[in-house]
Structure formats: structure tokens, C-alpha cells
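K.L.:
sharing a model prediction with you, sequence too.
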Amino acid sequence: MIDTVAQSLRQLRESAPLVQLITNYVSMNIAANALIAVGASPAMVQAPEEASEFLRDCAQALAVNIGTLSDISAQTMAETAKTANAADKPWVLDPVAVGATQFRRDTGAKLLSLRPTIIRGNASEIRALANRGGSSRGVDAGDMVSEAESDARNLAHSSGAVVAITGPMDFITDGDRAMRLFGGHGLMPKVTALGCALSGVTAAFATTAAPYEATLAALAAYAAAGSLAGEHAAGPGSFAVAFIDALHMLTPDMVHERTRIEII
Amino acid sequence: MIDTVAQSLRQLRESAPLVQLITNYVSMNIAANALIAVGASPAMVQAPEEASEFLRDCAQALAVNIGTLSDISAQTMAETAKTANAADKPWVLDPVAVGATQFRRDTGAKLLSLRPTIIRGNASEIRALANRGGSSRGVDAGDMVSEAESDARNLAHSSGAVVAITGPMDFITDGDRAMRLFGGHGLMPKVTALGCALSGVTAAFATTAAPYEATLAALAAYAAAGSLAGEHAAGPGSFAVAFIDALHMLTPDMVHERTRIEII
Amino acid sequence: MIDTVAQSLRQLRESAPLVQLITNYVSMNIAANALIAVGASPAMVQAPEEASEFLRDCAQALAVNIGTLSDISAQTMAETAKTANAADKPWVLDPVAVGATQFRRDTGAKLLSLRPTIIRGNASEIRALANRGGSSRGVDAGDMVSEAESDARNLAHSSGAVVAITGPMDFITDGDRAMRLFGGHGLMPKVTALGCALSGVTAAFATTAAPYEATLAALAAYAAAGSLAGEHAAGPGSFAVAFIDALHMLTPDMVHERTRIEII
């Protein structure tokens, strides 16, 4: 498994995949910086006039995120996701606060029906998406990762996606296989939009390996960079800065040393 | 007064209020990070399809900011402000550059008529809002805080809101009572959107105390964090980073030591 | 030439020009911070209801950037550019990824026809704009600056604009005169939206000198700040922070010491 992660990271840096993001306004800057730091190239192309064309002709992967949803962006996300499927390019769904309002539940269900390659969210979001409702208090995880594991498995089975829950511990499943990932740092949830940025990074990794392995590689790289950044941080402000530096200097060995995988 | 501030800060961190922001694109990231750092939870839910529902069902307070106004956001701000009133939840108005264009003057007047709990702006903005016009050169304060004090009192009287002017010195009034707050750091106006973020932070504090005391608590916490950050900054870039760290590590004692209140 | 740069920088800091930006969401925060750090004042006023009025009555210069284009923003950019021409205020076009989609090619051609004062892009963008098409892989320069020099000259001739290509080396031309600028740091392309922010900074400098000299001053200040920031950076995260600090502390002497001009 660890070899797969190392290989994915190396391949990402050689190929520098162009990843299209249709994402929220809070995350745009840090998501772009995280993608560049890890070795990919971001493009926030999101107008209905061009989003599908750009994905078809230019980008290698797509990430959609419903954080600051609008009616237009919801439609554009759906259209571009269809284009991704038609072009056989991976796409990642980040269902921010999907249980919080009817608009989010509807948009989440619509995007889920378009067969995302990978779904990444916190425990509350994965539970809400799996159960077509539930509650989600803003963008923070109210639920524990461990409590959401069976929901994640069910969601993976019903949707065909690899499902990842991120939190103090990460959980990844394709419905059959599953594993837990340990690493990261306690300041990560104190920096806004790091999860959103991770969805973009996961889309970049999805160009380097099969979805299950790619998701592990993305989450492991992120967790290792978080662990490294934590050594240089006095609080969430300096952590965010150190985290981008860490993603940039990350080596496969650092990922190996700073994360632990538990196959279930 | 200082005891109230300390109590508000403690209560904010215990309750971690969910604050909804309908704010400008420049400020979104730093506002979210400032809210998390101080102990609250931000949610940038702003689509007309869901903003009122989210405020009613999920959020404890609202902040609206007209920095990068659009026709849709102006309407959504007004609708959500009405929902806040109906649900008896505090809401903060940040009238960015309200005197600069007819669109801003109209939107400012409309939002003012919806009885904000607290209004926070720079001296130029408060003067423009109080006088239904005037001029406002972008987002920077051309006017002195002291020159705007009587406008702030008038605005508080006519609107029923607590009015805060922030700048080199802050001024807070409910129309009858008034005080000046000293603290902060000279680099604060050199970091974009720190004022916008403060409006969000003020909404968070508004869940912990009555509006006048809550505004003081928010501004005092901010000023103390600015003073602390100034000790670790080589310029506005490192100041912004240190400021988020400072908000995160802030204690009631630090607020006490680094700010001074003058009751008028 | 270097004297012109020094004079422009001093004048910018004395006059603190108000620069209106209609720019992409990724760049908004860092562009605003870069403008403040260099000594200008940013305003992201972009609604069709007010953008032209604000430029006419308040701002001294305009920068438009098609990074996260929409149909409304494309129209507003064109209307505001016309207002800039009518009011004889300089405006800068930043044609992000202009070759990537039909929507971008059309918008780029439309804005080009409105006679920008200055055009700033990477080599791929300048080539695409000069050749009304071509390809542009996202926002990164696939082409070399040197390969695009003749395209830049042609574009300057046909449009009447000063054209600047930025990259490992910068190239500036008004069609007849041309020069290369050396400086900067290898981490600059690893920070998202630094180029977009430079377009705003160039608009600020355009209020201090004729377009050719102003463009040189902006690019030289930026390159010098990049060189300075590079001495304090462990990666792209800390580089971005140090870069804002460096723009803030920049002196004419530093620009002189850290850049080199080659007149062609």
C-alpha cells in the first residue's frame, strides 16, 4: 500500500495533472495553492458557457464542492460531472454541509446520481449523503468518524464511488475493502477549507492510480504534510502557511514515516 | 466592563456559535479563519434558495457585508436579515464603501431599515450611512474616528442598533452610552478584509451578551490579538498570519492587558 | 530607466491610487493585499449596477482579469473598460487562460478591441491573444517567454497597448521599444494568483507614469520583492507571506539592486 502511495506521488509530480475545480469561494485560494504545492495545476473554470468544454479539452480531473452553492453552480457541477463520465475522467464530490438545507440535500442527491468516482467529506456529511438527509451543522463534523463507517460502506455500495471520511482518523472504503489512516495534526480542522482543498488534491491523485489507491495516496500525503506542518506552527495561521510548504517539500519517505494504515 | 469581555470570550469558546456570513469574496477566507480561531464556526451560506432556511434552522447569528455586492446578494441579505429578526437572532451590518455609489447607498438604506442589531464600519462608512449619502473612498477610512462620533450616536438613535466605528481608536455607542477602545496595531489596516472579518467575529460575540457589551468584547478581543500579532510581524503578510495565531491563543488576561477602555 | 522606476514607486506611495479590480475569486484576497502592501488602495467593485459609476467617480485605474469568468462579469468588464477609456483612466487586461475555451477567446477578443492601456499575461496567454486562438493550458505558461516576444510585439502594434509577458524573465514592449527584465524568484509561479495580483499592481503604477515606464516599474518592483521574499521562504506558503512583507518594505534602492534591465 505504501509503495502505491509513493508511486502515485512521484507520478503526480511528473505528470502535473491539470485539475478543474468548481468549488466554493472560501476555499479557492488555498485549494489552488495546495494543488500547486503537491505538484498539480489548478483551474477554476466554472462558467456554464465553458466548464464542460474545458474539462473535455484541457483538464485531466474534476472536483466539485457545494460549499457556496448557487443555482447556476449546481447546474454547472452536474453538467461537468456528466462530461467527466463521458470522457472517462475521474471526478470527486465534496458534499459540504449536505444535510443542512433542502437545496443542499437536493443538489447532493442529484450529484450522487451522476456516479462520482470519489466522495470525500466529514463524518456528518457522509452520514447525511448516505441517508438522504440527516442533519449537518455547517461544515464541521458533529459526528465521529467511527460512527459513520457503516454509512460510508453503504454509500460506496449504492453509488459505486470510493468514499472517504476525513477527521481525526480517516476512513476509506470502496464498499468491500476498507482501511483507516492515522496521521495529520490537531490544527488541521482549525484552518478553513483544508478539507475542500483535499478534495481537489484527491482529484489530482485520481489521475495517477485506481480510485481506492488514489484516495489513500491523497489522504496519506495530506496527513503527512499536516504532521510536518504541525512542527512549525504556533497556531492555525502559521499552520496554514507551514502546511503549503510541507506539501511542496513532501517526499514519499515522509509519507511513510508520518502515517499509519490499518486495513480492516 | 473587562469582566464582561472575559466572560463573553469564555462563553463563545464553550458554545462555539455557528455564524452565517453573507460577505464579500475578498474576505471569505480570512473571515472564516478568524471565526474559527476565536472559537466560533463559520458558514458562508448565501444562495437565495437556502440562506433564510439555514439561518432559521442552523445558525445562531448573521453578518452581512456589502463589499462585493450584487443584485442577488443584496436581496438575499435583506431576506435573511428579516429572518434573523423574526427568529430573534442577532445580525451585524458591515456597510463597506456605502457612500461610493447609488447602488450601495440604496442597499445600505434598505438594510438599515431592517433594524440591524449592530453596525460596524470605518469612520467614512458610518458617516455616509448616518447621512444617507456622503462619500466613501473605497473601503479605506478617509475620515477620522473622532469626527464621526456624533454621526455614530445619531445613527444608533435612529436605527436602534449598537454602532461601532473601528480605526486607530474604536468608538462604540448605543445612542445613549458610548466608549472609546484603545489597542490594536498599526499594521491592521494594511491587511485586507480584517474589518470584514471583525464583523463576523462581532456576530459571534453577539450570541454571548447584550449587543453593547458583545460589541465591546469583539472589538477588545480583536484589538488585543492585533497588539499581540504586532510583536511577531515583519510586515502585513506576517502580521495576518500572526493575527490568526493570536486570536487562537487569546486569553481574557491578554485582552485585559492589551486594551484600554474610556467611558464617555 | 531605473530612475523612472524609483520615481514611480515614490509617487505611488504618496498618491495611494484607488484601483478598481474586476478579477477572479482565486486572486481577490492576495491582489488586495499586494496593492495595499505596495502603497495603493484596492476596491473590488464589480456589479453591473455600479462598476462604471465607481470607476468614473472614485477609482484612478482599472484592472480586469478573466480567470473565473461569467457572462455577467464579461459584460461588466467591457462596460467598465469603455468607461475607463471615456474618462481617460488607464486599464489593464489580464487574459487568464484566454486560449482555453471559445468563451475565453471571444471575451479576450472583445476586451482587446476596447483598447487596453496595458496587457499582462504569461507567454501562452500573450501568444493566444496575439493569434486570436491558439491553446492555453489552464493558467500556467506552457510556452517560453522568448518564443512569445514577436507575438507580444505584434499584439502591441495591433492593439496600441503596452504588452508585458511575465515569467522566469519578463518582456515588455510597446511595439517599437522593448526590454527584458531579470529578477524575481523560482517560487513565484508556485503561489497562485501572483500574476493576477501583478496586473492590479500594474494598474496602480499606471497612474504614476506613461504606460511603458509604468509597466516596467510595476514588474521591477514585483521582481525585487520576489527576490527579497525568496531569502525568507521555506516553500510557497512562507514565500507568499514574505512576498507581501517585501512589497511593503520595498525601497527604490532594493529595486535597483535586485533587478536587471536589458534594452533590446
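P.N.:
Received it, and whenever you're ready, just let me know what you need.
K.L.:
A:Ala220: which element?
P.N.:
Secondary structure from DSSP states H and E places A:Ala220 in helix A:211-230.
K.L.:
elements contacting that helix?
P.N.:
Contacts defined by 3 or more Cβ pairs under 8 Å, 6 or more residues apart in numbering or on different chains; DSSP states H and E place helix A:211-230 against helix A:2-15, strand A:118-121, strand A:162-165, strand A:170-173, strand A:178-182, helix A:194-205, helix A:236-249, helix A:252-258. In short, each C-beta sits where N, CA and C put it, glycine included.
K.L.:
the inter-axis angle of that helix versus helix A:2-15?
P.N.:
80 degrees (axes from the mean of the first three to the mean of the last three Cα atoms, to 10 degrees).
K.L.:
so which bits of chain A are right by chain B?
P.N.:
By Cβ under 8 Å from any Cβ of the partner chain, the residues of chain A that approach chain B are A:24-27, A:29-30, A:67-71, A:97, A:100-104, A:137-140, A:190-193, A:234-238, A:240-241.
K.L.:
now intersect the residues you listed with the helices, please.
P.N.:
Within the residues of chain A next to chain B, residues falling in helices by DSSP state H are A:29-30, A:71, A:102-104, A:236-238, A:240-241.
K.L.:
about what we covered before: show the buried residues in the residues of chain A next to chain B.
P.N.:
A:24-27, A:29-30, A:67-70, A:97, A:100-101, A:103-104, A:137-140, A:190-193, A:234-238, A:240-241 (16 or more other Cβ atoms under 10 Å in any protein chain shown).
K.L.:
circling back: for chain C, find the nearest of the helices and strands packed on helix A:211-230.
P.N.:
Closest approach to chain C among these is made by helix A:236-249 (3.0 Å; Cβ to the nearest Cβ).
K.L.:
the closest one: how far from the chain's middle?
P.N.:
A distance of 18 Å separates the centroid of the chain from that of helix A:236-249, by Cα atoms, centre = their mean, to the nearest Å.
K.L.:
that one near chain C at all?
P.N.:
Yes: applying Cβ under 8 Å from any Cβ, one finds helix A:236-249 touching chain C at A:240-246, A:248-249.
K.L.:
same question, stretch A:89-108
P.N.:
No: using Cβ under 8 Å from any Cβ, stretch A:89-108 stays clear of chain C, with a minimum separation of 14.7 Å.
K.L.:
report the buried residues of that stretch.
P.N.:
The neighbour-count check on stretch A:89-108 (16+ other Cβ under 10 Å) flags A:89-101, A:103-105, A:107-108 as buried.
K.L.:
just stretch A:70-77 next, same as before
P.N.:
Applying 16+ other Cβ under 10 Å to stretch A:70-77 flags A:70, A:73-74, A:76-77 as buried.
K.L.:
let's see which of those end up in helices.
P.N.:
Counted as lying in helices by DSSP H, out of those, are A:73-74, A:76-77.
K.L.:
I figured A:Thr259 was touching A:Gly183, is that so?
P.N.:
Yes: counting by Cβ atoms under 8 Å, A:Thr259 does reach A:Gly183; the two are 3.8 Å apart.
K.L.:
overlap in contacts, the two.
P.N.:
Common contact partners of A:Thr259 and A:Gly183 (Cβ atoms under 8 Å, 6 or more residues apart in numbering or on different chains): A:220, A:223-224, A:227.
K.L.:
looking at the residues you listed, spot the one nearest chain C.
P.N.:
Here the nearest of these to chain C, counting by Cβ to the nearest Cβ, is A:Ala224; it sits at 14.4 Å.
K.L.:
tell me if I'm right that that closest one and A:Leu250 touch.
P.N.:
Yes: counting by Cβ under 8 Å, A:Leu250 is a contact partner of A:Ala224 at 6.2 Å.
K.L.:
quick one: which of the two has more around it?
P.N.:
A count of neighbours by other Cβ atoms under 10 Å in any protein chain shown puts A:Ala224 above the other of A:Ala224 and A:Leu250, at 26 against 22.
K.L.:
got the contact list for that one?
P.N.:
Here A:Ala224 is in contact with A:183, A:246, A:250, A:254-255, A:257-259 (Cβ under 8 Å, 6+ apart).
K.L.:
before we move on, the earlier item: just the ones in helices among the buried residues of stretch A:70-77 that are near chain C?
P.N.:
Counting by Cβ under 8 Å from any Cβ, nothing from these sits close to chain C.
K.L.:
farthest pair in these?
P.N.:
Farthest pair in these (Cβ to Cβ) is A:Ala74 and A:Thr76. Separation: 7.4 Å.
K.L.:
distance between the ends of stretch A:226-242?
P.N.:
End-to-end distance for stretch A:226-242: 9 Å, by Cα to Cα, to the nearest Å.
K.L.:
ok, and the closest non-adjacent residue to A:Asp71?
P.N.:
Distance criterion Cβ to Cβ, 6 or more residues apart in numbering or on different chains; nearest residue to A:Asp71, sequence neighbours excluded, is B:Glu49 at 6.5 Å.
K.L.:
ditto for A:Gly160
P.N.:
A:Arg115 (5.7 Å).
K.L.:
same check, this time on A:Leu112
P.N.:
Using Cβ to Cβ, 6+ apart and skipping residues adjacent in sequence, the residue nearest A:Leu112 is A:Ser159, 5.8 Å away.
K.L.:
quick one, phi psi at that neighbour?
P.N.:
phi -100, psi -20 (degrees, to the nearest 10).
K.L.:
how many residues are close by it?
P.N.:
Residues near A:Ser159, counting by other Cβ under 10 Å, number 19.
K.L.:
same question for A:Ala246.
P.N.:
Close neighbours of A:Ala246, defined as other Cβ under 10 Å, add up to 29.
K.L.:
A:Gly237 against B:Ser238, yeah?
P.N.:
No: if you go by Cβ under 8 Å, A:Gly237 and B:Ser238 don't touch, sitting 9.5 Å apart.
K.L.:
now do the shared contacts for the two.
P.N.:
Counting by Cβ under 8 Å, 6+ apart, A:Gly237 and B:Ser238 have no contacts in common.
K.L.:
make sure A:Glu262 is indeed in a helix.
P.N.:
No: checked against DSSP: H, G, I helix; E, B strand; the rest coil, A:Glu262 lies outside a helix; its state is strand.
K.L.:
so who does the closest residue to it other than its chain neighbours touch?
P.N.:
The shortest distance from A:Glu262 to any non-neighbouring residue, by Cβ to Cβ, 6+ apart, is to A:Arg180 (4.3 Å). Neighbour list for A:Arg180: A:169-172, A:261-262, A:264 [criterion: Cβ under 8 Å, 6+ apart].
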